[in-house]
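A.B. asks: let me see the structure of the following:
(chains A and B)
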Amino acid sequence: GNSVTQMEGPVTLSEEAFLTINCTYTATGYPSLFWYVQYPGEGLQLLLKATKADDKGSNKGFEATYRKETTSFHLEKGSVQVSDSAVYFCALRWTSGTYKYIFGTGTRLKVLA
Amino acid sequence: NAGVTQTPKFQVLKTGQSMTLQCAQDMNHNSMYWYRQDPGMGLRLIYYSASEGTTDKGEVPNGYNVSRLNKREFSLRLESAAPSQTSVYFCASRRPGTGNTEAFFGQGTRLTVV
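C.D. replies: Next up is the predicted model:
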């Protein structure tokens, strides 16, 4: 079936360190891929998305590239800040036939000053 | 813009009690969703509604019912709450379009069943 697998957290980094959060997926067809961020006590907010192979989504210094050959959508940021501390969710959605999103289990990021 | 509004934000229930979680969106979205979030399990879909008047089960529908009252509102009802339903509940909506449109989330309802 369709699924999303994320690296387990928590991930603890020092400020200005490089961040990678791995995400791989299993899906039939050509899903759209998303990264959502959840700050403490809040709902999920869209961080970035990509809709087809080799697309790169970017926002707030975060990037992720839709890699169909490796079925991956890894999240990266060159220099994290304390304010990036949050839980990050990878998600996919099919482009037709269903209205469901599938989320990964989330990766908690803690950035230390 | 209000976006997706959920009420209440916090609730404590006793086992066997019933309650309804309310959700409303003001973005004229067709699709609406209810998820629960549990530690180590991410978000799991309870029910969704592709449009006004339609609802479908998600991954974990047992113990829940939903009503798509109109285009704006999508409520989730627990008829007889159980401790296993202790969770954070999120409502979301999505605008019409192809698969690349994102979902917008409410701030969540933290429910504890004792």
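A.B. asks: is the nearest residue to B:L111 once chain neighbours are set aside in a helix, a strand, or coil?
C.D. replies: What sits nearest to B:L111 in space, not counting adjacent residues and going by C-beta to C-beta, 6 or more residues apart in numbering or on different chains, is B:Q11, at 5.1 Å. For every residue, glycine as well, the C-beta is placed using N, CA and C. With DSSP: H, G, I helix; E, B strand; the rest coil as the basis, B:Q11 sits in strand.
A.B. asks: hey, where'd the strands end up in chain B?
C.D. replies: Ranges of strands within chain B are B:4-7, B:10-13, B:19-25, B:31-38, B:42-49, B:56-57, B:64-68, B:74-78, B:87-94, B:103-105, B:109-113, based on DSSP state E.
A.B. asks: what angle separates the fifth one from strand B:74-78?
C.D. replies: Interaxial angle, strand B:42-49 versus strand B:74-78 (axes from the mean of the first three to the mean of the last three C-alpha atoms, to 10 degrees): 110 degrees.
A.B. asks: who does strand B:42-49 pair up with?
C.D. replies: Sheet partners assigned to strand B:42-49 using DSSP bridges are listed as strand B:31-38 (antiparallel), strand B:56-57 (antiparallel).
A.B. asks: out of the ones you listed, which comes closest to A:V87?
C.D. replies: strand B:31-38 (9.5 Å; C-beta to C-beta).
A.B. asks: can you point out the buried residues in that closest one?
C.D. replies: Within strand B:31-38, the residues that count as buried by 16 or more other C-beta atoms under 10 Å in any protein chain shown are B:S31, B:M32, B:Y33, B:W34, B:Y35, B:R36, B:Q37.
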